[in-house]
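Asks: here you go, sequence then predicted model.
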Amino acid sequence: MGRGIPTLLTVEHVEAGQSPVLEMRGITKQFPGVLALDRVSLHLKRGEILALMGENGAGKSTLMKILGGAQTPDAGEIGLNGALVKIPSVAAAKALGIGFLHQELMLAPNLDVASNIFLGSERRTRVLGALDRKRMHREAARLLEKVGLDVSPNALTETLTTGQRQMVEICKALHQDAQILVLDEPTSSLSLQETERLLALIAELRAFGISILYISHRLEEVFRIADRIVVLRDGCSVGELDIQEATPNKLVSMMVGRDLVSCFPQRQSQPGEEVFSVKNIVVPGSADGVSFEARRGEILGFAGLVGSGRTELMQVLAGVTRPLSGELSCDAKSYAPRCVSDAIQQGVYLVPEDRKLHGLVLPMSIAENISLPDLKNYRPRWRLNFKRQKLAATNAVAQLQIRPSAIEQKTVNLSGGNQQKVVLAKWLAMHPKLLILDEPTRGIDVGARAELYARIVELADRGLTILLVSSDLEEILGLSDRVVVMRNRCIAAIVPREQMGKERIGLLMTSEERAA
């Protein structure tokens, strides 16, 4: 295990040093038709948390890929501890003491948790150099306990939820003896409690003298832990703010180039009659049934900790898996999807939690991904109608402000937030009857998030029923007409808007006694 972890709780606080441990000066990077970075500069001091912020497509990921050795700059230079360095590869970055926690999970699903944590830095025995699995599992167990993840080091990674995999990534980053740690949207799939635990851990790392580059779209996190903020927009450095002088309005204005009046729009209508019913549905892995109903034009929020069963329930409703028992109905008719295509034919669509694994075909273009679920609509006579496909994609790109706007762009080259918009766009193009949104704003910047919230509310006001799953309680409380609180794959409570509150929802998510 890395030298920093065992001593974190006993070390005294280390003040941020005055001389930078990292300097990136005049970094420029161009891709075909796109100037991704235009002479971007930043510096990072020892024991400092520097927040790097900007909209999706602003250049944050490209800048960090250059720092991590995944890409080389066309111009500019990088200095570490006062000396100029070249970072030609990921291995070189690691050797220089630069560790990464990527937004898109970099795990091998067929390996167990311990093997993923030590992948590339395996512990070996002194005899014959064989893998020392006992030591790896022992050290992995300590790391898992440190981040509060209650899973076995022997567990296969593919059996974990997205939130649990995120915590494994955190363990993977922590075990390396990194002096500079880059955290890219580290809380995007974490519950409230897990987020609190991680932020406390980050504060301990800073106290130990580790310098942290923190990328997040969650303003409350940035204002809570950052020392300084650097803002990028359209590949350029917009400016830098000390946390004492920063305000949400000033920061958002720098990021998006305009003031953001309100994050959560007001509803213009009230939910109508019941359109979707769930009666005693038993999700695989649970012994008890789940029951609720959803109304026309309602945004029904689902809150719960990682592992509470929200995603598993949504997969049953969308035909990904079958329930063990129970009844479903849609528009007063029996609804029993045997597979995803059954659900799609009946107008029930799922925007999945993991966009790369379940939401997109990454080598395909924006236009191809948007038209893929409904090819028959674009192929009336066995030939693809490219004009119709292009029109639908162009409208979707304009409505959700996907960047870059070229519909021929491969989705693998888009930022995480823009990939998420493409997933949403393909279902909106099919005019859903029931839309299930599982962590829809994961990795989406504050400006795009406000636009997406406006779109969600607009769809509900037009009569679309929306089931919203989110680990962001502010999002759940700001959008939902009612909140279904889940715990241990069961419903702890269904809370109407007038009784909502962050503390109450949090208690229901975690406390059996209070829920009763």
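Replies: Here it is on my side, so go on.

Asks: which of the helices or strands spans Val495?
Replies: Using DSSP states H and E, Val495 sits in strand 490-496.

Asks: elements contacting the next helix or strand after that strand?
Replies: Next in sequence after strand 490-496, counting helices and strands by DSSP H and E, comes helix 502-510. For helix 502-510, the elements it packs on are helix 192-207, strand 299-303, helix 473-479, strand 482-487, strand 490-496, helix 512-515, judged by 3 or more Cβ pairs under 8 Å, 6 or more residues apart in numbering; DSSP states H and E. (C-beta placed from N, C-alpha, C; glycine too.)

Asks: over to the residue nearest to Ala429 when sequence neighbours are not counted. Which of the three states is it?
Replies: Leaving aside its sequence neighbours, Ala429 sits nearest to Ala392 (Cβ to Cβ, 6 or more residues apart in numbering; 5.2 Å). For Ala392, the assignment made with DSSP: H, G, I helix; E, B strand; the rest coil gives helix.

Asks: low-scoring stretches of the stretch 101-250 of the chain, by residue?
Replies: For the stretch 101-250 of the chain, the stretches with pLDDT under 70 are 103-104, 162-163, 189, 191.

Asks: picking that back up, I figured the residue nearest to Ala429 was touching Ser371, is that so?
Replies: Yes - between Ala392 and Ser371 a contact is recorded at 6.4 Å, counting by Cβ atoms under 8 Å.

Asks: overlap in contacts, those two.
Replies: Contact with both Ala392 and Ser371 is made by residues 378, 429, according to Cβ atoms under 8 Å, 6 or more residues apart in numbering.

Asks: who's more crowded, these two?
Replies: Ranked by neighbour count (other Cβ atoms under 10 Å), Ala392 and Ser371 place Ser371 first, with 26 against 22.

Asks: could you give the separation of whichever helix or strand that one is part of from the chain centroid?
Replies: In this structure, Ser371 sits in helix 366-371 according to DSSP H and E. From the chain centre to the centre of helix 366-371 is a distance of 22 Å (Cα atoms, centre = their mean, to the nearest Å).

Asks: now do it, average pLDDT.
Replies: Averaging pLDDT along helix 366-371 gives 89.

Asks: still on that earlier bit, partner strands of the strand holding Val495 and their direction?
Replies: Paired strands of strand 490-496, with direction, are strand 482-487 (antiparallel) (DSSP bridges).

Asks: okay, the partner strand in PDB with CA atoms only?
Replies: Output in PDB follows, covering the C-alpha atoms of strand 482-487 (Å, rounded to 0.1, in the frame of the first residue of the first chain):
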ATOM      1  CA  ARG A 482     -42.900  13.100  -4.900                       C
ATOM      2  CA  VAL A 483     -39.900  11.200  -3.700                       C
ATOM      3  CA  VAL A 484     -39.700   7.400  -3.300                       C
ATOM      4  CA  VAL A 485     -37.100   6.600  -0.700                       C
ATOM      5  CA  MET A 486     -35.500   3.200  -1.100                       C
ATOM      6  CA  ARG A 487     -33.500   1.100   1.400                       C
END
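
Asks: what are the contacting residues of it?
Replies: The contact list for strand 482-487 (Cβ under 8 Å, 6+ apart) reads 292, 298, 300-305, 308-310, 313, 476-477, 491-497, 500, 505, 508-510, 512, 515.

Asks: now do stretch 414-422
Replies: Counting by Cβ under 8 Å, 6+ apart, 55-57, 61, 103-104, 185, 217, 355-356, 359-360, 366, 369-370, 396, 400-404, 411, 440-445, 448, 452 sit against stretch 414-422.

Asks: so who does the closest residue to Ala155 other than its chain neighbours touch?
Replies: Nearest residue to Ala155 in three dimensions, chain neighbours excluded: Val113, at 5.3 Å (Cβ to Cβ, 6+ apart). Contact analysis of Val113 by Cβ under 8 Å, 6+ apart lists 140, 144, 151-155, 157, 160, 168.

Asks: helices - which of those residues land there?
Replies: 140, 144, 168 (DSSP state H).

Asks: how much space separates the last one from Cys330?
Replies: Separation of Val168 from Cys330 (Cβ to Cβ, to the nearest Å) stands at 37 Å.

Asks: so which of the two has more stuff around it?
Replies: Neighbour totals were compared for Val168 and Cys330, and Val168 leads with 25 against 21 (other Cβ under 10 Å).

Asks: residues contacting the more buried one?
Replies: So Val168 contacts 107, 113, 116-117, 149, 157, 160 (Cβ under 8 Å, 6+ apart).

Asks: need those in a markdown table (columns: distance to Ser237).
Replies: Below are the contacts of Val168 laid out as a markdown table (distance: Cβ to Cβ, whole Å):
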| residue | distance to Ser237 |
| --- | --- |
| Leu107 | 33 |
| Val113 | 39 |
| Asn116 | 35 |
| Ile117 | 35 |
| Leu149 | 36 |
| Thr157 | 38 |
| Leu160 | 38 |
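
Asks: quick one: contacts for the residue in the chain sticking out farthest from the centre?
Replies: The outermost residue of the chain, judged against the average C-alpha position, is Val127 (42.6 Å), by Cα atoms, centre = their mean. By Cβ under 8 Å, 6+ apart, Val127 lies in contact with nothing.

Asks: ramachandran coordinates for it?
Replies: Note on Val127: backbone dihedrals following degrees, to the nearest 10 are phi -90, psi 120.

Asks: give me the below-cutoff pLDDT ranges for the stretch 351-500 of the chain.
Replies: Using pLDDT under 70, the stretch 351-500 of the chain drops low at 380, 443.

Asks: for it, what spans make up the helices?
Replies: Ranges of helices within the stretch 351-500 of the chain are 366-371, 375-378, 386-400, 416-428, 446-461, 473-479, based on DSSP state H, counting those that start in this stretch.

Asks: and the ones you listed: which comes nearest Leu317?
Replies: For these, the distance to Leu317 is smallest for helix 416-428, at 14.1 Å, taking Cβ to Cβ.

Asks: hang on, the earlier thing: out of the helices of the stretch 351-500 of the chain, nearest to Ser253?
Replies: Nearest of the helices of the stretch 351-500 of the chain (Cβ to Cβ): helix 446-461, 10.1 Å.

Asks: angle of that closest one against strand 299-303?
Replies: 130 degrees (axes from the mean of the first three to the mean of the last three Cα atoms, to 10 degrees).

Asks: contacts for helix 446-461?
Replies: Around helix 446-461, the neighbours that count as contacts under Cβ under 8 Å, 6+ apart are 55-56, 217, 219, 252, 255-256, 260, 262-269, 271, 297-299, 399-401, 417, 421, 424, 428, 435, 437, 440-441, 444, 466, 468, 475, 478-479.
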